[in-house]
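Trainee: coords please:
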Amino acid sequence: MTEEHVRRTPDGYEEPEFEQQDLSAKSVFGFLAGLAVAVSIVVLILVGTFKLLDRSEARNQPEQNPLTNKVSADTRAVTEENTKKFPEPRLESNERSDINKFRLQEEQTLNSYGWVDQKAGVVHIPIDRAMGLIAERGLPTRPQTGTVPPSTVNMSKEAAAKSDRSQKPKK
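Mentor: Next up is the predicted model:
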């Protein structure tokens, strides 16, 4: 248990006492120096480990077939000659520019007119225009099963039936 120190004022009230001693600057600087030494030791260990692993990986690279042209001792090296010989699909070499090109292409497709299939007469229109047309015309619907699809003959019969009912005399 901690012992609580209480100080009495001349009026007889009790006030808690506060610690009178602060940390010394020497102990704070000692802690920071120890922390810096520990961090630098960890960094040196990590750098050494990575170099060791890299050397081990380079040693364990498979030998190239003597019938192929020597491209590079390190098969991981990205050269233009290596990328031309490597079959499709290839890994991306510059992800940011590739995704930016893809996004730009998609943006142009979404906001322009063009042919999808010119022989069949299928085109694509800007997405804003397509949304406006959907809002104006509504979505196409299929007739329920068992119902007769609308035709000019059926529509004229329905219109005639409605007009016959509206002309009947009321009692």
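Trainee: okay, CA-based contacts and neighbour counts for the rest of this
Mentor: Noted.
Trainee: for the protein, which helix or strand comes out least confident on mean pLDDT?
Mentor: When each helix and strand of the chain is scored by mean pLDDT, DSSP states H and E, helix 152-166 comes last, with a mean of 65.
Trainee: burial count for Gln21?
Mentor: The tally of other residues near Gln21 (other Cα atoms under 10 Å) stands at 6.
Trainee: likewise Lys51?
Mentor: Using other Cα under 10 Å: Lys51 sits among 11 other residues.
Trainee: can you give me the pLDDT of it?
Mentor: pLDDT recorded at Lys51 is 95.
Trainee: and Leu104, by the same measure?
Mentor: So Leu104 comes in at 94 (pLDDT).
Trainee: may I have the phi/psi pair for it?
Mentor: phi -60, psi -40 (degrees, to the nearest 10).
Trainee: and if you look at the one 4 residues further on?
Mentor: In this entry, Gln108 is assigned phi and psi values of phi -70, psi -40 (degrees, to the nearest 10).
Trainee: who are the packing partners of the top helix by length along the chain?
Mentor: Of all the segments of type helix in the chain, defined by DSSP state H, the longest one is helix 25-59. Contacting helix 25-59 under the criterion 3 or more Cα pairs under 8 Å, 6 or more residues apart in numbering; DSSP states H and E is no other helix or strand.
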